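1. sequence and predicted structure below; questions after.
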Amino acid sequence: MTPLWHQIFDPHLRERPDAPALRDSTGMEWSYADLDRACTAVQETLSGMGVKPGDRVLVLCENSCAAVAALFGASRAGACVIPVNARMTAHEVDRIRTHARPSAVLTTSGASAEAAAHGERLGAVRQTGALGELMVAPDDGDGEAVDADVAVLLYTTGTTGTPKGVMLTHGNLTYAGRAAQEFRSLAPGHIVFGVAPITHVIGLASMLTATLTAGATALLEARFSVERLEAALRAGVSHLPAVPQMHALLMRHVQDQGLDRLESPDLFYVSSGGAPLDPAWKRKAEAFYGLPLQNGYGMTETTAATHITRNKLGDPDISVGPPLAEVEMRIDTDVPGAGDGAGEVIVRGPNVMKGYFRNPEATAAALSPDGWLRTGDLGRVDAEGRLHIMSRTKELIIHGGFNVYPPEVEAALNDHPQVVQSAVIGRVEDGDEKVLAFCQVPVGCDLTPEALRDFVAERLTGYKRPSRIILASSLPAAPTGKILKHKLLEAFADRLG
């Protein structure tokens, strides 16, 4: 029988209770027995508050031991867990709460000042113990139970800019964790650098779930620090899943010390996700690590990866690899932009979501009755069966490994009284996709990019905020008035540099 998501570390709890499970940037270190006790404490707290199976529990957190206990403890209580990044603004958090209607909110106040601030705003009560601090608050709920097989709701904003709750089942998560464990050869004694937020699918499934499935140790980092990453790699980290931006910062940091490559005796698996690989950059990274740089492809709706590479050092392949075991894929060439063997990537497998919470229309548009998911991405398959992502039919921007949906950013910009309309696009720079905003303002307007950036900072979390804002009296548009996004870079090339 497939275990429930919160049961993934039970074998290690029985066989190796004192083995290290988690370490975090607050200095907390937990064995598997410690993790079990903390999860039980959260479970008992929630059950005592009246949380029932099928209720939702919102967890506002950053990577920490306490956050893991909150997630798994809520799952043990039978609740459907909603992990939300504590760095989100109050406006963003409340939009999710309004849609999800949780029965309780947990915040990891001991590990995150932002989480504590949210807790104070929501009237949460601090609960402290030997295993850390949480803030707990009852919420309205609505009595509607989520199906018993749904373990987690991960919210994206979708292409409409409104929150969409991706329903991931216990089976989705246990499959994704097991698959990531296997293709990374994770085992007890290994240490995984865990800076990918566990409020997003890569950190939750491919990092945390895989690590605990393997009985290994997750080194949880709430914020990225190149100095802490270098120190960790020199002190036992064996697995480094990261995004190109992190790799680039580490390479620059080490090279500033006069070194050409990193000496990390225990490191043996390095991956780069969230953005396309450039061949020259890939060669540079592999020379730096002395290891093959693996790549992959997936999305929230597929519980992270559907494809992964298994390349040897020096392999020039920049595909995202073949499908995982049990994952089926086909290419639909009957879509706009298809041609030369390319088409929309459509997948089916044990990692595909159950659907979107309270959104049957969106579920029906994405999922066929027999389980095929339309990814919205264009790709082609080469002679070796490896998938190459050509472009995205959706407007999704992947910045620093995080999903940024232009309609949400545009909505925040358009809230400003002096912005007539806006258009947001991504542009790849140094291996990462930057968020660029183009805003139409009235002639003679005194609005500055700096003032508009301050305005949206109250409405958008950091990674969603534009790195550049261009103000203009007009934007390239079709006769219908629709902004022609594909002409923006050309139209403003002299101002972008």
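-> Perfect, thanks for sending it. Residues are numbered from 1 along each chain as shown.
2. for the strand or helix carrying Glu92, packing partners?
-> For Glu92, the element it lies in under DSSP states H and E is helix 90-100. Other helices and strands packing on helix 90-100, by 3 or more Cβ pairs under 8 Å, 6 or more residues apart in numbering; DSSP states H and E, are strand 56-61, strand 80-85, helix 113-121, strand 150-156, strand 164-169. To be clear about C-beta, it is placed using only N, CA and C from the backbone, and glycine gets the same treatment.
3. and the fourth one, average pLDDT?
-> Strand 150-156 comes out with an average pLDDT of 96.
4. coming back round to it: which parts of the helix holding Glu92 are buried?
-> By neighbour count with 16 or more other Cβ atoms under 10 Å, helix 90-100 contains the buried residues 92-93, 95-97, 99-100.
5. mind putting those residues in TSV, distance to Leu204 included?
-> Listed next are the buried residues of helix 90-100 as TSV, based on distance: Cβ to Cβ, whole Å:
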residue	distance to Leu204
Glu92	18
Val93	18
Arg95	20
Ile96	16
Arg97	19
His99	19
Ala100	16
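6. and which of the residues you listed is nearest Asp278?
-> Asp278 has its nearest neighbour among these in Glu92, at 32.1 Å by Cβ to Cβ.
7. on that earlier part again, tell me the strands beside the following helix or strand past the helix holding Glu92, with direction?
-> On the C-terminal side of helix 90-100, the closest following helix or strand by DSSP H and E is strand 104-107. Using DSSP bridges, the strands paired with strand 104-107 in its sheet are strand 56-61 (parallel), strand 132-138 (antiparallel).
8. return the distance of strand 104-107 from the chain's centre.
-> Averaged C-alpha coordinates place strand 104-107 at 20 Å from its chain's average position (Cα atoms, centre = their mean, to the nearest Å).
9. contacting residues around that strand?
-> Contacts made with strand 104-107 from outside it, assessed by Cβ atoms under 8 Å, 6 or more residues apart in numbering, are listed as 42, 46, 49, 51, 55, 57-61, 70, 74, 79, 86, 97, 115-116, 118-119, 122, 124, 134-139.
10. same question, stretch 179-190
-> Applying Cβ under 8 Å, 6+ apart, the external contacts of stretch 179-190 come out as 12, 16, 19, 192, 205-207, 209-211, 213-217, 238-239, 241, 269, 271, 304-305, 308, 310, 324-325, 351.
11. how is this structure carved up into domains?
-> Residue ranges for the domains of the chain, per automatic domain parsing: 5-177, 224-392, 397-496.
12. for those, give me JSON lines that also has distance to Pro197.
-> Putting these into JSON lines (distance: least, Cβ to Cβ, whole Å) gives the following:
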{"stretch": "domain 5-177", "distance to Pro197": "6"}
{"stretch": "domain 224-392", "distance to Pro197": "10"}
{"stretch": "domain 397-496", "distance to Pro197": "8"}
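13. please work out which of those domains is packed deepest.
-> Among the domains of the chain, judged by mean count of other Cβ atoms under 10 Å, the one packed with the most neighbours on average is domain 5-177 (a mean of 21).
14. centre of the chain to the edge, which residue is at the far end?
-> For the chain, the C-alpha farthest from the mean C-alpha position belongs to Gly444; by Cα atoms, centre = their mean, that distance is 40.8 Å.
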